[in-house]
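*Asks:* predicted model, plus sequence, below.
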Amino acid sequence: MSVFELIMLVCFGAAWPFSIYKSYKTKNNSGKSLLFLAVILAGYMAGILHKIFYSYDKIIYAYILNALMVLVDIALYLKNRNQDEQPAIEDKSQDINSLSEGVIG
């Protein structure tokens with residue numbers, strides 16, 4: 001088991017709860033990228049596979065925990081993306097209604 005690998009995973013993992021909390025509370029994706037989250041998840045998955053096939057030890061649990069937190073952040077990103085699009089659709093329907101009222105009325 002590498003102490004340095006554990007420190008790296010703990011440091012990276014410490015950021016995810018804050019990111020998840022921000023996504024959950026603000027319901028906003030500002031400053032986030034789905035591509036970035038996917039690349040990070042791919043890195044954690046590669047670490048998990050490496051641990052399974054080449055160097056199995058307890059550090060795998062840190063990789064799994066971090067990957068799960070990234071998956072939660074991705075799920076919130078997708079949920080918030082749908083909510084971000086919803087007001088734009090509602091605004092357009094209100095614009096159309098006001099235009100039709102002006103033409104008809």
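*Replies:* Received, thanks.
*Asks:* residue 5 contacts residue 59, doesn't it?
*Replies:* Yes. Contact criterion C-beta atoms under 8 Å: residue 5 and residue 59 qualify, at 5.6 Å. C-beta here means a position set from N, CA and C on the backbone, and glycine is covered the same way.
*Asks:* can you tell me which helix or strand residue 24 belongs to?
*Replies:* Residue 24 belongs to helix 3-26 when assigned by DSSP states H and E.
*Asks:* next helix or strand past that helix?
*Replies:* As assigned by DSSP H and E, the chain's next helix or strand after helix 3-26 is helix 34-53.
*Asks:* next one: that following helix to chain centre, how far?
*Replies:* Computed by C-alpha atoms, centre = their mean, to the nearest Å, the chain-centroid distance of helix 34-53 equals 14 Å.
*Asks:* circling back: looking at residue 5 and residue 59, which is more packed in?
*Replies:* A side-by-side neighbour count of residue 5 and residue 59, using other C-beta atoms under 10 Å, places residue 59 first with 20 against 16.
*Asks:* packing partners for the helix holding residue 24?
*Replies:* Using 3 or more C-beta pairs under 8 Å, 6 or more residues apart in numbering; DSSP states H and E, the elements in contact with helix 3-26 are helix 60-104.
*Asks:* hang on, the earlier thing: quick one: mean pLDDT over the helix holding residue 24.
*Replies:* The pLDDT scores in helix 3-26 average 94.
*Asks:* what sits against residue 12?
*Replies:* Residues near residue 12 by C-beta atoms under 8 Å, 6 or more residues apart in numbering: residue 66.
*Asks:* same question for residue 53.
*Replies:* Residue 53 neighbours (C-beta under 8 Å, 6+ apart): none.
*Asks:* and the pLDDT for it?
*Replies:* Looking at residue 53, its pLDDT reads 97.
*Asks:* quick one: contacts for the closest residue to residue 2 other than its chain neighbours?
*Replies:* Spatial nearest neighbour of residue 2, chain neighbours left out: residue 59 (7.0 Å); criterion: C-beta to C-beta, 6 or more residues apart in numbering. Counting by C-beta under 8 Å, 6+ apart, residue 59 touches 1, 2, 5, 6, 9, 51.
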